[in-house]
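Colleague: need a 3D model of the sequence below.
(2 chains)
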Amino acid sequence: GQQVMQIPQYQHVQEGEDFTTYCNSSTTLSNIQWYKQRPGGHPVFLIQLVKSGEVKKQKRLTFQFGEAKKNSSLHITATQTTDVGTYFCAGPRGGADGLTFGKGTHLIIQP
Amino acid sequence: DGGITQSPKYLFRKEGQNVTLSCEQNLNHDAMYWYRQDPGQGLRLIYYSQIVNDFQKGDIAEGYSVSREKKESFPLTVTSAQKNPTAFYLCASSPALQGAKYFGPGTRLTVT
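Modeller: The predicted model follows:
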């Protein structure tokens, strides 16, 4: 079945440094979604990318969807303590509803 | 105030007992989902429902059952057949198929 791989699993950064997490799929995706989960919380939808090569920005967050629609990245510029959490990518379940989630990247920020 | 509610937040049960987790939404979404999250893991789909009185198995449906008698409600029963029931259970809804998922606060189930 479809798999969505995410790296790195953990990322420690100093506050103010940049952060990037990468997502790779074994198959071409019709779209990809990104979620953020704060420690002890629930996933919160951030964005959905649909077009090949698409780039979207939300303040300090930049999301990219690869040209082949098999990979995606989330880049945070100048991290802040409020960025702490786990970032998940998720893709469609190959014709069925629901999503296949990556295992997430845990962002740890040292002040 | 629109949203998804799950109750209770924490639930403790003895092995061998069935337990039902509640999920209610007032967002008027047709689609609802149940996911399971284990420590350090991503989310895995248990069941989903696209419309009232209809539901489909997800990737890990064994040992679970659901019902969808009302648009607003999608309860999940964790049966005694589920071999590793201790986990964080998340309910979600979506206004469109393959669209963004809106998650409830979750229920942490511990079975001993």
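
Colleague: for chain B, see how far away residue A:86 is.
Modeller: 9 Å (C-beta to the nearest C-beta, to the nearest Å). In this view, the C-beta of every residue, glycine as well, is placed from N, C-alpha and C.

Colleague: quick one: contacts of the host helix or strand of residue A:73?
Modeller: Following DSSP states H and E, one finds residue A:73 within strand A:71-76. Outside strand A:71-76, the residues within contact range by C-beta atoms under 8 Å, 6 or more residues apart in numbering or on different chains are A:18-25, A:32, A:34, A:46, A:49, A:60-66, A:83, A:87, A:89, A:107.

Colleague: now stretch A:42-51
Modeller: With C-beta under 8 Å, 6+ apart, stretch A:42-51 has contacts from A:30-38, A:56, A:58, A:61, A:63-65, A:72, A:74, A:88, B:43, B:90, B:99-106.

Colleague: 6 Å instead, please
Modeller: A:31-37, A:56, A:63, A:65, B:90, B:100, B:103, B:105-106 (C-beta atoms under 6 Å, 6 or more residues apart in numbering or on different chains).

Colleague: with stretch A:22-36 instead?
Modeller: Outside stretch A:22-36, the residues touching it (C-beta under 6 Å, 6+ apart) are A:2-7, A:43-50, A:65, A:69-74, A:85, A:87-92, A:102.

Colleague: buried set for that stretch?
Modeller: For stretch A:22-36, the neighbour count (16 or more other C-beta atoms under 10 Å in any protein chain shown) marks A:22-25, A:29, A:31-36 as buried.

Colleague: what does chain B put close to chain A?
Modeller: B:33, B:41-43, B:45, B:48, B:58, B:90, B:97-98, B:100, B:103, B:105-106 (C-beta under 6 Å from any C-beta of the partner chain).

Colleague: report the two of these separated the most.
Modeller: B:41 and B:97 (25.0 Å; C-beta to C-beta).

Colleague: what angle do the next helix-or-strand element following the strand holding residue A:73 and strand A:71-76 make?
Modeller: Per DSSP H and E, the first helix or strand lying C-terminal to strand A:71-76 is strand A:85-93. If you take axes from the mean of the first three to the mean of the last three C-alpha atoms, to 10 degrees, strand A:85-93 sits at 160 degrees to strand A:71-76.

Colleague: paired strands for strand A:85-93, with orientation please.
Modeller: strand A:32-37 (antiparallel), strand A:96-101 (antiparallel), strand A:105-110 (antiparallel) (DSSP bridges).

Colleague: count the neighbours of the residue of chain B found nearest chain A for me.
Modeller: The nearest approach of chain B to chain A comes at residue B:42, 3.8 Å away (C-beta to the nearest C-beta). Applying other C-beta atoms under 10 Å in any protein chain shown, we find 21 residues neighbouring residue B:42.
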